[in-house]
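# let me see the structure of the following:
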Amino acid sequence: RALVSVDDTKLLKEQLVLPLLSSQSPSLAEIVTDVNGSRVVCQIVNPNNPSCLPSYLLEKLKPASKPDPENDGKQKLTSKKPFETRKDEVAAGALPNLFDFVEKDIYGLATDEFGSRVLEQVVLTAFRCAQDDKNYLSTCLGTGERETIIARLSGVLKALTAASTKAPAEAMEEDGDGDDDDDDEIVGLVEHRIGHRLLKRLIKAEADSLKRDGNQLQKLDTSLSEGLLTAMATDLEKWVRCNRSAFVLSSIAESGPEAAQAKLKSLLEPIQDRVQAKKGDDGLSKGTQVLMKVVFSC
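A predicted model of the protein is given here:
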């Protein structure tokens with residue numbers, strides 16, 4: 001509640017946000033991967049987001065108001081600071097610490113139900129820095145810190161791409177429990193139950209950012225969508241036939257950046273006939289069927 005009502009954001013950051021997100025905090029990983037803890041962290045970096053909070057919490061977290069006797073008793077916000085201003089001031093203070101945290105185990109967060117939501121909100125907020133050097137978030141960060149955040153965002157996107165078709169070696173080494181449950185399988189993100197959904201959301205977010213701000217994201221030295229295509233291109237037919245990875249490719253085809261959509265179609269055309277040869281005998285996964293329909297309208 002304090003994150004949407006306290007006007008003194010400097011005090012808020014010093015007394016609440018920075019201690020909670022400190023890299024020295026032994027409990028931060030537990031907070032981020034907990035259902036309620038992850039909501040708090042998402043509320044810090046991108047408050048009142050419907051994709052992170054249930055409707056009953058959003059209702060409770062509306063900015064406080066009271067009747068204004070000078071305006072026929074109509075509701076007047078008790079806070080003097082606009083919501084968007086507070087939001088960016090808090091996010092600017094939180095981003096460096098959050099990058100410190102997510103960079104330690106990007107694959108682990110990307111494959112965790114609640115950690116993936118935190119990772120997503122960190123990336124989406126960093127996208128806003130890359131979009132415009134004149135928006136208030138960028139102003140709060142300052143030129144030097146903003147450029148650092150953009151560089152760190154590029155690093156996260158590259159790490160997601162690198163883990164897309166094969167889990168990092170350290171994740172495979174740590175998997176010693178012998179659990180064969182597919183939900184917990186150590187696989188590339190495009191095959192993972194949670195990881196592939198995160199990639200789909202980030203693909204759309206990347207494309208939306210490009211469309212909204214006139215390709216300002218070109219200052220990034222990487223594109224998630226194109227990086228994923230490059231990673232899957234060496235064994236494309238395998239990923240086209242795999243249900244989850246085919247849905248990731250479908251996301252690029254439906255809502256990815258235009259350059260990535262064109263690249264995907266050019267990669268699929270040489271194998272289109274072989275893939276669709278199994279169409280008649282129910283040999284195609286649902287994801288593959290959707291992909292072929294979106295790209296080739298068939």
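# where does the stretch 101-250 of the chain dip in pLDDT?
Low-confidence segments of the stretch 101-250 of the chain, defined by pLDDT under 70, are located at 175-184, 212-219.
# all helices for it, in order.
106-110, 115-131, 136-141, 143-162, 169-174, 195-212, 224-233, 236-241, 243-255 (DSSP state H, counting those that start in this stretch).
# what's the neighbour count on D273?
Under the neighbour criterion other Cβ atoms under 10 Å, D273 is assigned a count of 8. In short, each C-beta sits where N, CA and C put it, glycine included.
# K62: which of the helices of the stretch 101-250 of the chain is closest?
Taking Cβ to Cβ as the measure, those were each checked against K62, and helix 115-131 came out nearest at 19.7 Å.
# returning to what we had before: what's the closest of the helices of the stretch 101-250 of the chain to N97?
Nearest to N97 among the helices of the stretch 101-250 of the chain is helix 115-131; the distance by Cβ to Cβ comes to 10.2 Å.
# list the buried residues of the closest one.
Neighbour-count burial for helix 115-131 flags 115-131 (criterion: 16 or more other Cβ atoms under 10 Å).
# could you list every helix and strand in contact with it?
Packed against helix 115-131 by the contact rule (3 or more Cβ pairs under 8 Å, 6 or more residues apart in numbering; DSSP states H and E) you find helix 35-45, helix 83-102, helix 106-110, helix 136-141, helix 143-162, helix 195-212.
# in TSV, list the ones you listed along with distance to L16 and mean neighbour count.
Output for the helices and strands packed on helix 115-131, formatted as TSV (distance: least, Cβ to Cβ, whole Å; neighbours: other Cβ atoms under 10 Å):
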stretch	distance to L16	mean neighbour count
helix 35-45	9	20
helix 83-102	9	20
helix 106-110	22	23
helix 136-141	17	19
helix 143-162	20	18
helix 195-212	27	20
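# among the ones you listed, which is nearest D273?
Shortest separation from D273 across the helices and strands packed on helix 115-131 is recorded for helix 195-212, at 26.1 Å, computed as Cβ to Cβ.
# list the contacts of that closest one.
The list of residues contacting helix 195-212 from outside it, by Cβ atoms under 8 Å, 6 or more residues apart in numbering, reads 107, 110-111, 116, 119-120, 123-124, 127-128, 130-131, 160, 163-164, 188-190, 216-217, 223-225, 228, 244-245, 247-248, 251-252, 255-257.
# circling back to that earlier point, do you know which of the helices of the stretch 101-250 of the chain lies nearest K80?
When the helices of the stretch 101-250 of the chain are compared by Cβ to Cβ, helix 136-141 sits nearest K80, at 16.4 Å.
# please state the offset of the closest one from the chain centre?
20 Å (Cα atoms, centre = their mean, to the nearest Å).
# and what of stretch 137-147?
Taking Cα atoms, centre = their mean, the mean C-alpha location of stretch 137-147 is offset from the chain mean by 20 Å.
# what's the first-to-last distance across that stretch?
When the termini of stretch 137-147 are compared using Cα to Cα, to the nearest Å, they are 12 Å apart.
# touching that stretch from outside, list them.
Residues contacting stretch 137-147 (Cβ under 8 Å, 6+ apart): 88-89, 91-93, 95-96, 125, 128-129, 132-133, 149.
# kindly reformat the residues you listed as CSV containing distance to V40.
CSV is the format used below for those (distance: Cβ to Cβ, whole Å):
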residue, distance to V40
D88, 18
E89, 17
A91, 14
A92, 18
G93, 15
L95, 16
P96, 18
T125, 15
R128, 20
C129, 22
D132, 28
D133, 29
I149, 21
